[in-house]
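Peer 1: Let's see this in three dimensions:
(chains A and B)
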Amino acid sequence: MQRTVRRGVGCTLIAAVLAVTGDRPAPAQSVDSAAALQGAILQAKEKVLPAVVNIQPVSEVYVAGTKRKVTAVGSGVVYSPRGFVLTNYHVAGKATRLICTLANKERVPAKLVGGDPYTDLAVIKLDLDKLRGNSLTWASLGNSDEVKTGEFVLALGSPLALAHSLSVGVVSAKDRYFPNARTPTGETTGSYNTWIQTDAAINPGNSGGPLVNLRGEVIGINARKAMFGENLGFAIPINVAKEVAEEIVAKGKVRRSWLGLSFQPLQDFEAYFSAGGKTPPKGVLVRDVTPESPAERAGVRTGDILTAVNGHAVDARFYSDIPPIRRLIASAPIGKRLTITVRRGGRETPLVAVTEELGRVKVTEFECKAWGCTVKVLAPDAARRMGLPDASGVLVSGVKNDSVADKGKLAQSDVIVEVNRSAVKDLAGFQKAYKKAVAAKTATVLVKVRQGGGVLYRLLKTKPAKPTTKPKPRRKPTPKPKPTTRPAPTTRPTTRPATGG
Amino acid sequence: MRFTRTLMTAATLAVLAMILTAHARADETADRLAALTKTVRPAMVNVKFVLVRKTGDQTRRVPGNTRGVVVDSKGLVVTLGEIYPRTADRVIGTAAVDPPAEIKVLLHDEREIEAEFVGKDYDANLAFVRMKTPPKGIKPLPLAPKGALAVGQQVTMFSLLPTQYGGGAWFSQVRISAGVTDPREIFFSSIQPTQMLGGPVMDLATGRMLGVVAVDSRMVRPANNPDADPRRASAAVIVPSWVVAPLVAKPPSVRPAKQDGWLGIGMAPLDKDLAEALGLPVKAGVMVSRVYPGTPAAKGGLKAEDIIAALDGEALDVAKEEDFIEFRKKIVAAGAGAKVTFTVYRGGAKQDVAVTLAPTPKSAIEAVRSKLDDFGLTVREIVFTDKIAPGRDQSLTGVVVVKIDGAGWAGLGGLRPGDVVQKLNDKPVTNIKAFNALIAGVRKAKTKEVVFLVLRGAETAFLRVQPQWK
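Peer 2: Next up, the predicted model:
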């Protein structure tokens, strides 16, 4: 009896302990939620993963005065039955060859249609004739304006060349603004778009791949991650990508209008610029007007508040409000009149500017193998930053160590304006002058450069030309006289054989 | 047997004699060193000085201390060139600061004698001060004649013990490791130089001074730095007595900073290969790479790509960058206001270009500064080098931010070093005086927000600063 009671008490105690410490059975709702989420992830993956492309670009890069072929790994997403693929400019924008691997592991070559470094986007086209089985899946593009912070997203791509990988996270923030950002290949980017931030794992190789919502729609193109910190990835909103892709497919490039204005948001300056009025001003603050720009010619001044573009009201209280204004100006017809309304001293004034085309980044670079250096086109804004009177000449982009150029003290950032006394206006002109100098095989080449605001001459000592005349035959040595009782004195030849040179 | 014993005794006595002789010699050397030390110490001095830098309404006093040797009976002391530094500015050349003031020579018996600055020889990097009331009984050290120093020779270097040890002399016997003659004669020893700087190098045998331990401007970076920091020298350099002697006989004189001549060009060397490629009849010279606007060169009509072959009829021997220093010295020596004539080749034709030199413009280091403790901000006036930076021109006005306290009012408002403040609350900042006046007005009115318009790089930006007045 006592044993039974003790057993019973023990069991009760054990049950009580288990009830407190043991695994509780999950409520039915949590399991359903988890299963639903899992299901949504899988469904979204099914829709988009087959359209994800592993891209291996072969590009020509100019490093330290030499031209080299390099390869890398990136990602892209097929978004059209015609085989167009969206990716990043820094993946494919300079590619001379593209090898794509689809989700079904079939390899297909592709061609670059066009790129836009300002938004770090590019479009490539798969060679569908070479597609085995002729079946292609493409993803549908969503609406990045509807993206919400906190919503689940998938990042698809080839992180560290692990093709067709998937990572899951949420949208950490919308509208991240990085002015003066640079692509991994060095182009300025981020002026015409903000970024969607996500904590879905994004690694090198993910670039160009899609950021996807749980409906299986592409809402962004993954492009960058923060160098320091973890789980900080950034994607270009798909609405920006759609516009850019459309223009690239139609025209092969993106053309933008330019006025020459730099902006600042009005936050912190409302009181200052309200001119005593009670209502804070709306618009965007003009912090700089580029000299000799359309805006300067129209009469816009630093400190003006831009309130409307062609009647379309603009307002930027925060930095992330600025890219849409820049896009509005950029989308205006090039070379046409544009009415910009500015507020100055409490009064609004419409000004008329004639837009110019925004200088497109020209990727043309040239290797001067004979000299051991590379040159590239000198962009007008680069010329202005360097304090040069104009953009004529070519910019030395790299000098190979111990080369003819290096020994001749040609340096990176020199601007070549003359070769052997012939003026060099642009890259085509330089190539002509360079080829002529190389063909002439002279021992020296005189190069005039602009450097540090001044003018310098560099004398490149190239290899001397090979001799064109045959060398003179060697003289036969004079035979030794036969010895007599006293040996005759020997004589040396009076002339030396000719040497080359 | 007897013979062997005698032989052994003689050998023992011989060895003993040798040992005693060696000891005697060693004792003799020690005695001579001790005697030399006694002779040298009174001629060794410490030189205390103050460098006074005036910038606007601020005066900075920078005290200094160096060593020297009395070299004549009228109180002349040779010391290190560091006593009169010049700020080296690559664009301008050199911009002198005022000569040292409040010079005091501290003697071996702890007497302090007031002294005046005499001058500095830049080639030897030695300076001279003269005691106003030369003390009696101080004998200058006799100088050795030319050729008394040679590689491999053993010499005795003297220095002073720290004051906590009484400030007496101490010596080190070293050998001369090397000597060079181009472009001037100096000798090297491998001893760590910092202890021996400014001290005499003596010949034990003759009791004469063979030279002075100094710093050669080429021993430290940047090369040809007239302000070479002695602490950075990697080996002791001895300026021989026969180089010091003519300077003692005729000491260099101070040239007031304002009188330095300045031209205002960027230069490139013209070597014979380049001259040949350009088809020039000269084989060396200065190529003008840039003529800065508003400068004597611009006013005189010099142009970029001109080849300056001669200065006042004297051909320029400039074939590499290191040769510029001689050309610069000539321009500096000609002095502000001097009219010089350059023989110039331009477009194949030879012509004379007359230029009236101007004083060296102020460098950034000498610019008038304004320190705003409340704003956590220091600014300086704009100087010549600001106006010739890329993207800037002569019309540049404002003040340059030189220092920011990141957590101060200006730092929190976003100002950064290098920003050029052009407007304050929409009022133009034409110069530092105008800036100070505007700030005074802001302080008086305890303005709640101050909006700066700054030029940063090539673009302007607005920055709002919110002062936290108490």
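
Peer 1: Which secondary structure state does residue A:287 sit in?
Peer 2: Reduced to three states with DSSP: H, G, I helix; E, B strand; the rest coil, the structure at residue A:287 is strand.

Peer 1: what's around it, how many residues?
Peer 2: Using other Cβ atoms under 10 Å in any protein chain shown as the criterion, residue A:287 is surrounded by 21 other residues. Just so you know, the C-beta spots here come from the backbone N, C-alpha and C atoms, and that holds for glycine as well.

Peer 1: and if you look at residue B:207?
Peer 2: When counting by other Cβ under 10 Å, one arrives at 15 neighbours for residue B:207.

Peer 1: and the stretch 401-501 of chain A, which of its residues are near chain B?
Peer 2: Counting by Cβ under 8 Å from any Cβ of the partner chain, the positions of the stretch 401-501 of chain A adjacent to chain B are A:444, A:446, A:451, A:452, A:453, A:454, A:455, A:456, A:457, A:459, A:461.

Peer 1: what does the stretch 251-400 of chain A put close to chain B?
Peer 2: Neighbours of chain B within the stretch 251-400 of chain A, by Cβ under 8 Å from any Cβ: A:262, A:264, A:268-269, A:271-272, A:285, A:287-288, A:302-303, A:384-387.

Peer 1: Mind doing that once more with 6 Å?
Peer 2: Within the stretch 251-400 of chain A, the positions adjacent to chain B are A:262, A:264, A:268, A:272, A:287, A:288, A:302, A:385, A:386, A:387 by Cβ under 6 Å from any Cβ of the partner chain.

Peer 1: roughly how far apart are the third one and residue B:416?
Peer 2: So that's residue A:268. 17 Å (Cβ to Cβ, to the nearest Å).

Peer 1: Neighbour count: the two, which is higher?
Peer 2: residue A:268 (19 against 13).

Peer 1: next one: phi and psi at the more buried one?
Peer 2: For residue A:268, the backbone dihedrals (degrees, to the nearest 10) come out as phi 80, psi -10.

Peer 1: Which pLDDT value goes with it?
Peer 2: Predicted confidence (pLDDT) at residue A:268: the value is 90.

Peer 1: Report the separation between the two terminal residues of stretch A:304-312.
Peer 2: End-to-end distance for stretch A:304-312: 17 Å, by Cα to Cα, to the nearest Å.

Peer 1: Give me the residues contacting that stretch.
Peer 2: Contact partners of stretch A:304-312, identified using Cβ atoms under 6 Å, 6 or more residues apart in numbering or on different chains, comprise A:281, A:283-286, A:328, A:338-344.

Peer 1: One more: stretch A:317-326?
Peer 2: Here stretch A:317-326 makes contact (Cβ under 6 Å, 6+ apart) with A:175, A:177, A:191-194, A:263, A:265-267, A:284, A:314, A:316.

Peer 1: now, among the residues of the stretch 401-501 of chain A next to chain B, which is nearest to residue B:266?
Peer 2: residue A:454 (4.3 Å; Cβ to Cβ).

Peer 1: right, and that closest one touches residue B:287 too?
Peer 2: No: with contact taken as Cβ atoms under 6 Å, residue A:454 and residue B:287 are classed as non-touching, separated by 9.6 Å.

Peer 1: Just want to know which of those two has more residues nearby.
Peer 2: residue B:287 (25 against 19).

Peer 1: sec struct for residue B:341, please.
Peer 2: Recorded secondary structure, residue B:341: strand (three-state DSSP).

Peer 1: contacting residues around it?
Peer 2: Contacts for residue B:341 (Cβ under 6 Å, 6+ apart) come out as B:312, B:352, B:354.

Peer 1: Now do it against chain A, distance only.
Peer 2: In this view, residue B:341 and chain A are 23 Å apart by Cβ to the nearest Cβ, to the nearest Å.

Peer 1: Averaged over its residues, which helix or strand of the chain has the lowest pLDDT?
Peer 2: The chain I'm using is chain A. Sorted by mean pLDDT, DSSP states H and E, the helices and strands of chain A end with helix A:2-21, the least confident at a mean of 50.

Peer 1: try chain B instead
Peer 2: Of chain B's SSEs (mean pLDDT, DSSP H and E), minimum confidence goes to strand B:93-96, a mean of 48.

Peer 1: returning to that earlier point: now a ChimeraX select for only the buried ones of the residues of the stretch 401-501 of chain A next to chain B.
Peer 2: The ChimeraX command for the buried members of those (criterion: 16 or more other Cβ atoms under 10 Å in any protein chain shown) is given here:
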select /A:444,446,451,452,453,454,455,456,457,459
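
Peer 1: For the residues of the stretch 401-501 of chain A next to chain B, give me TSV that also has pLDDT and secondary structure.
Peer 2: Formatted as TSV, the entries for these read as follows, by pLDDT from 0 to 100; DSSP: H, G, I helix; E, B strand; the rest coil:
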residue	pLDDT	secondary structure
A:444	92	strand
A:446	94	strand
A:451	85	strand
A:452	74	coil
A:453	80	coil
A:454	87	strand
A:455	90	strand
A:456	91	strand
A:457	92	strand
A:459	92	strand
A:461	92	strand
